[in-house]
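Student: Coordinates for the following, if possible.
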Amino acid sequence: MKILVIGNGAREHAIGWTLFNGPSNHDIYVAPGNAGTHQFATNIEINSNNIPELLDFAKALPADLTIVGPEIPLSNGIVDEFQKYDLPIFGPSRKASQIESSKSYAKKIMASAQVPTAKAQVFTSLSKITKYLSNCSTPIVIKADGLAAGKGVIIAKSKSEVNDAIKEMFIDRSFGNASDKVLVEEFLE
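Tutor: All right, here's what the predicted structure looks like:
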């Protein structure tokens, strides 16, 4: 089998390495791969977010299976695009990946399925979140709604940290578009 693994992190390295060391012989390609993946796979110099180039490569290979590691190409609909051409791909569709790419969407899913979760409010404006947080006790959790590379969650333990978190999300835009929406969530131990 010819297997394309998309990504360059430890997750994709582990997937490729496991496939290489499995009971079957596979030709492993990793796009873009990393310094370690070249030891057992062919690294392909295509950015993991470049869906058109990845699609062209998979069609030309042709790939028997594509496995997507990173969240961004999943949230950008790579699975949907590959499926249009009947290319086997492992990963959620754009719509299904919202459960990871949008914390507010995940909260709605949990509420509709009656999954216990922390109470939360969603904000899109600095004035409304500032007003809301002025009446909240600490600690409190402040989250960028979108993908922030694992960095978009702040546990504010004081009013000063609350103010710093609001500034980081809405003014400094430290998390870019991920903080277009911000969740304020009760702190649970």
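Student: Leaving out the residues flanking it, which one is nearest to the residue nearest in space to the middle of the chain?
Tutor: With distances taken as C-alpha atoms, centre = their mean, the chain has residue 71 as the residue nearest its mean C-alpha position (3.1 Å). Residue nearest to residue 71 in three dimensions, not counting chain neighbours: residue 147, with 5.3 Å by C-beta to C-beta, 6 or more residues apart in numbering. C-beta: built from backbone N, CA, C; applies to glycine.
Student: do residue 61 as well
Tutor: residue 2 (5.3 Å).
Student: Torsion angles phi and psi at the residue of the chain positioned farthest from its centre?
Tutor: Distance to the chain centre peaks in the chain at residue 135, reaching 31.7 Å (criterion: C-alpha atoms, centre = their mean). Per-residue torsions, residue 135: phi -100, psi 10 (degrees, to the nearest 10).
Student: Surely the residue nearest to residue 71 is in contact with residue 178?
Tutor: Yes - if you go by C-beta atoms under 8 Å, residue 147 and residue 178 touch, sitting 5.7 Å apart.
Student: residues contacting residue 77?
Tutor: 51, 93-94 (C-beta atoms under 8 Å, 6 or more residues apart in numbering).
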